[in-house]
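Engineer: just the structure for this:
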Amino acid sequence: MKTNKRNFAADVLYGEKFKHSKSIFSNKYNQLCNNDKLISEEFFTDRGNKVEAFYEYDLLSVRKVNVHQNGSNSSADKDKIIGFEIKINDTNKKFSVYYCAYDTFKGDKLYISENNHSIYGKLTVFDEKNRRIKLL
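Structural biologist: Alright, predicted model coming up:
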(Lines give C-alpha, C1' and ligand atoms only; values in the text may rest on other atoms or scores of the structure.)
Protein backbone atom coordinates (compact mmCIF):
# COMPACT_ATOMS: atom_id res chain seq x y z
CA MET A 1 0.00 0.00 0.00
CA LYS A 2 1.40 3.41 -0.91
CA THR A 3 0.70 6.82 0.52
CA ASN A 4 1.97 10.06 -0.97
CA LYS A 5 5.17 9.88 1.12
CA ARG A 6 5.71 6.27 2.24
CA ASN A 7 5.27 2.65 1.22
CA PHE A 8 3.69 0.33 3.75
CA ALA A 9 3.39 -3.42 3.86
CA ALA A 10 0.44 -5.26 5.35
CA ASP A 11 1.49 -8.89 5.67
CA VAL A 12 -0.38 -11.81 7.14
CA LEU A 13 2.19 -14.35 8.29
CA TYR A 14 -0.32 -16.86 9.66
CA GLY A 15 -3.88 -16.91 8.40
CA GLU A 16 -5.87 -15.60 5.45
CA LYS A 17 -4.51 -12.70 3.41
CA PHE A 18 -6.12 -9.27 3.50
CA LYS A 19 -8.57 -8.14 0.88
CA HIS A 20 -7.85 -4.63 -0.37
CA SER A 21 -10.64 -2.29 -1.38
CA LYS A 22 -11.15 1.42 -1.99
CA SER A 23 -13.81 3.49 -0.31
CA ILE A 24 -14.73 7.09 0.45
CA PHE A 25 -14.10 8.59 3.86
CA SER A 26 -14.78 11.92 5.54
CA ASN A 27 -12.86 13.31 8.55
CA LYS A 28 -15.12 16.36 8.58
CA TYR A 29 -18.65 16.75 7.35
CA ASN A 30 -18.85 16.81 3.56
CA GLN A 31 -15.05 16.76 3.00
CA LEU A 32 -14.69 13.48 1.17
CA CYS A 33 -11.41 11.74 0.37
CA ASN A 34 -10.36 8.34 -0.94
CA ASN A 35 -9.62 5.65 1.57
CA ASP A 36 -7.82 2.29 1.39
CA LYS A 37 -9.52 -0.45 3.35
CA LEU A 38 -7.95 -3.75 4.42
CA ILE A 39 -10.47 -6.47 5.23
CA SER A 40 -9.57 -9.58 7.16
CA GLU A 41 -11.88 -12.58 6.96
CA GLU A 42 -10.56 -15.33 9.17
CA PHE A 43 -12.97 -18.10 10.12
CA PHE A 44 -12.31 -20.16 13.22
CA THR A 45 -14.07 -22.45 15.66
CA ASP A 46 -13.67 -21.76 19.39
CA ARG A 47 -10.24 -20.12 19.03
CA GLY A 48 -7.98 -18.58 16.46
CA ASN A 49 -4.41 -17.45 16.08
CA LYS A 50 -3.27 -14.91 13.48
CA VAL A 51 -0.21 -12.70 12.98
CA GLU A 52 -0.60 -9.46 11.06
CA ALA A 53 2.30 -7.09 10.46
CA PHE A 54 2.03 -3.46 9.38
CA TYR A 55 5.37 -1.80 8.65
CA GLU A 56 7.18 0.56 6.34
CA TYR A 57 8.92 -1.30 3.47
CA ASP A 58 12.24 0.49 3.74
CA LEU A 59 12.61 0.17 7.51
CA LEU A 60 11.74 -3.44 8.35
CA SER A 61 11.63 -6.93 6.93
CA VAL A 62 9.31 -9.50 8.46
CA ARG A 63 9.31 -13.21 7.68
CA LYS A 64 7.70 -16.35 9.02
CA VAL A 65 9.94 -18.80 10.96
CA ASN A 66 9.06 -22.50 10.95
CA VAL A 67 8.86 -24.20 14.33
CA HIS A 68 8.47 -27.87 15.19
CA GLN A 69 7.77 -29.72 18.42
CA ASN A 70 10.77 -31.51 19.92
CA GLY A 71 10.76 -35.10 18.64
CA SER A 72 8.83 -34.23 15.47
CA ASN A 73 10.14 -33.22 12.05
CA SER A 74 6.96 -31.59 10.77
CA SER A 75 6.05 -27.96 11.39
CA ALA A 76 3.85 -27.29 14.40
CA ASP A 77 0.25 -26.20 13.82
CA LYS A 78 -0.29 -22.46 14.05
CA ASP A 79 -2.66 -22.92 16.98
CA LYS A 80 0.22 -24.46 18.96
CA ILE A 81 3.04 -22.00 18.27
CA ILE A 82 3.89 -19.27 15.78
CA GLY A 83 7.27 -17.76 14.98
CA PHE A 84 8.42 -14.77 12.98
CA GLU A 85 11.55 -12.70 12.51
CA ILE A 86 11.78 -8.90 12.42
CA LYS A 87 14.87 -7.37 10.85
CA ILE A 88 15.72 -3.66 10.94
CA ASN A 89 17.05 -3.08 7.42
CA ASP A 90 19.65 -0.37 8.02
CA THR A 91 21.26 -2.15 11.00
CA ASN A 92 22.23 -5.70 11.91
CA LYS A 93 19.47 -5.89 14.51
CA LYS A 94 17.20 -8.88 14.16
CA PHE A 95 14.62 -10.29 16.56
CA SER A 96 13.02 -13.73 16.49
CA VAL A 97 9.63 -13.83 18.20
CA TYR A 98 7.82 -17.03 19.19
CA TYR A 99 4.33 -17.07 20.65
CA CYS A 100 2.41 -20.02 22.05
CA ALA A 101 -1.18 -18.90 22.65
CA TYR A 102 -2.37 -22.10 24.30
CA ASP A 103 -0.79 -24.67 26.58
CA THR A 104 0.69 -27.81 25.03
CA PHE A 105 -1.07 -30.91 26.36
CA LYS A 106 0.20 -33.50 23.93
CA GLY A 107 3.86 -34.35 23.36
CA ASP A 108 6.97 -32.45 24.39
CA LYS A 109 6.55 -28.87 25.65
CA LEU A 110 9.85 -27.85 24.05
CA TYR A 111 9.77 -26.44 20.51
CA ILE A 112 12.71 -25.95 18.13
CA SER A 113 12.82 -23.28 15.41
CA GLU A 114 14.54 -23.36 12.01
CA ASN A 115 17.04 -20.93 13.60
CA ASN A 116 17.83 -23.65 16.16
CA HIS A 117 16.25 -21.73 19.04
CA SER A 118 14.86 -23.77 21.94
CA ILE A 119 11.45 -22.38 22.84
CA TYR A 120 9.49 -22.96 26.02
CA GLY A 121 6.68 -20.85 27.45
CA LYS A 122 4.12 -18.37 26.12
CA LEU A 123 6.40 -15.72 24.61
CA THR A 124 10.08 -16.00 23.76
CA VAL A 125 12.18 -13.36 21.97
CA PHE A 126 15.78 -13.74 20.77
CA ASP A 127 18.08 -10.97 19.56
CA GLU A 128 20.59 -11.01 16.69
CA LYS A 129 23.21 -12.68 18.92
CA ASN A 130 20.75 -15.48 19.76
CA ARG A 131 20.38 -14.22 23.33
CA ARG A 132 17.00 -14.85 24.92
CA ILE A 133 15.79 -11.38 25.85
CA LYS A 134 12.19 -12.06 26.83
CA LEU A 135 10.49 -15.10 28.26
CA LEU A 136 6.95 -15.39 29.65
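Engineer: distance of the residue most central in space within the chain from Lys106?
Structural biologist: Residue closest to the average C-alpha location in the chain (Cα atoms, centre = their mean): Val51, at 3.7 Å. Noted for Val51: a distance of 23 Å to Lys106, by Cβ to Cβ, to the nearest Å. Using the backbone N, CA and C atoms, a C-beta is placed for each residue, glycine as well.
Engineer: in what helix or strand does the residue sitting furthest away from the middle of the chain lie?
Structural biologist: Going by Cα atoms, centre = their mean, the residue of the chain most distant from its centre is Asn30, 37.5 Å out. According to DSSP states H and E, Asn30 maps onto no helix or strand at all.
Engineer: return the helix or strand in this protein with minimum mean pLDDT.
Structural biologist: When each helix and strand of the chain is scored by mean pLDDT, DSSP states H and E, strand 8-14 comes last, with a mean of 70.
Engineer: so what touches that one?
Structural biologist: Under the contact criterion Cβ atoms under 8 Å, 6 or more residues apart in numbering, strand 8-14 has outside partners 1-2, 18, 38, 40, 49-57, 62-64, 78, 82, 84.
Engineer: quick one: buried residues of stretch 63-83?
Structural biologist: For stretch 63-83, the neighbour count (16 or more other Cβ atoms under 10 Å) marks 64-65, 67-69, 76, 78, 80-83 as buried.
Engineer: quick check: the two most widely separated of these?
Structural biologist: Using Cβ to Cβ, these span at most 16.9 Å, a distance reached by Lys64 and Gln69.
Engineer: coming back round to it: which pLDDT value belongs to the residue nearest to the centre of the chain?
Structural biologist: Listed pLDDT for Val51 reads 72.
Engineer: likewise for Met1?
Structural biologist: We have a pLDDT of 54 for Met1.
Engineer: out of the buried residues of stretch 63-83, which sit inside strands?
Structural biologist: Taking DSSP state E as the definition of strands, the buried residues of stretch 63-83 contribute 64, 67-69, 82-83.
Engineer: rebuild those residues as TSV, extending it with distance to Lys122.
Structural biologist: Shown next, in TSV, are those (distance: Cβ to Cβ, whole Å):
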residue	distance to Lys122
Lys64	19
Val67	14
His68	18
Gln69	16
Ile82	12
Gly83	13
